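Asker: This is a predicted model, with the sequence first.
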Amino acid sequence: MKRLIACAVLGISMLGGLAAQERNVQHRRVYSVKWGHLQDFVSTMKDLQALYKTAGVEAPMIVLQSQTGPDRIMVIRYYAKMSDALANRRDAFKGKHEAEYLALNNRLSNFVNDRESKVSVRDTELSLPRAGELPPYFRVVQTEVKPGKMSEYRALIKEFVNTGIKPAGIKAYTVLTTQIGGSPDEIVTGTGLQSLGELDDPPVIKAMGGQAKFDAFLAKRAALVNHTDVEMYFLRRDLTTWTNPK
């Protein structure tokens, strides 16, 4: 579990790193796909992407699929403004392919048990400068910080970045604060992995001076949070249309 947190606490690092520089508002939607309907869902997503292109609607996205449970698909988009992240995308199709857009969304709903949407903002103070290459795997973490402990938690993460992340040579690390759709005390972090082998020997432990010092960090962290959820995702390159991050 300690090694799991070592990678997990690195946090949606590459996800934050893929937005154009001025786009720090992240909209992410997680779909729970019905059993046996993953290919139907994927096919419909591809049809939606084709419609976006036909209609001339800009909608670059990063698509991930969970490796740690039922079929769960995460769709991520970045925006420059909160209002853009919350806008009804149907409005972009008014007068041009609106009927097709609604039909495809209804079809997509037939293959989904439920969906969850959240809007977060990238913490530019705690995050590393943006990386521009999509890795094949992602470790995604959602942490609920105890009420009144956010300042202490952010200070601890800042120390972690300076003593662990940077010395370990981690190239992609992003911290996101939830604004809409979740607790105001929620922090989302993530890291992009080049291989699953990175989970077995996290470089951050060595960078921090060994297991004892890393355990001390975990103890401080545990005192500041209510709970942490960890998920492992892999990149769906066939569905990802954000191919030229800046």
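Answerer: Yes, it's here. Just so it is clear, the model here is predicted, and its values are computed rather than measured.

Asker: Could you pull up phi and psi at the residue in the chain sticking out farthest from the centre?
Answerer: Distance to the chain centre peaks in the chain at Gly95, reaching 32.7 Å (criterion: C-alpha atoms, centre = their mean). When read as degrees, to the nearest 10, the backbone of Gly95 gives phi 80, psi 0.

Asker: How much space separates the nearest residue to Ala59 once chain neighbours are set aside from Lys206?
Answerer: Once flanking residues are discounted, Ala59 sits nearest to Tyr52: 4.6 Å by C-beta to C-beta, 6 or more residues apart in numbering. For glycine as for every other residue, the C-beta is placed from the backbone atoms N, C-alpha and C. Applying C-beta to C-beta, to the nearest Å, the value for Tyr52 to Lys206 is 44 Å.

Asker: Looking at the two, which is more packed in?
Answerer: Tyr52 (20 against 14; other C-beta atoms under 10 Å).

Asker: So that one: helix, strand or coil?
Answerer: With DSSP: H, G, I helix; E, B strand; the rest coil as the basis, Tyr52 sits in helix.

Asker: quick one: it and Asn88, what's the gap?
Answerer: Using C-beta to C-beta, Tyr52 is found at 15 Å from Asn88.

Asker: Below-threshold pLDDT in this protein: ranges please.
Answerer: The model of the chain has pLDDT under 70 over residues 1-21, 243-246.

Asker: can you pull out the strands in it?
Answerer: Secondary structure of the chain (DSSP state E): strands at 25-33, 62-66, 72-79, 112-122, 137-145, 174-180, 186-193, 225-235.

Asker: Please identify the most buried of those.
Answerer: Greatest average neighbour count among the strands of the chain goes to strand 186-193 (a mean of 25), per mean count of other C-beta atoms under 10 Å.

Asker: other SSEs contacting it?
Answerer: helix 2-8, helix 13-17, strand 137-145, helix 150-160, strand 174-180 (3 or more C-beta pairs under 8 Å, 6 or more residues apart in numbering; DSSP states H and E).

Asker: Give me the domain ranges for this protein.
Answerer: Residue ranges for the domains of the chain, per automatic domain parsing: 2-20+121-235, 25-120.

Asker: Between the ones you listed, which one is closest to Trp242.
Answerer: When the domains of the chain are compared by C-beta to C-beta, domain 25-120 sits nearest Trp242, at 4.0 Å.
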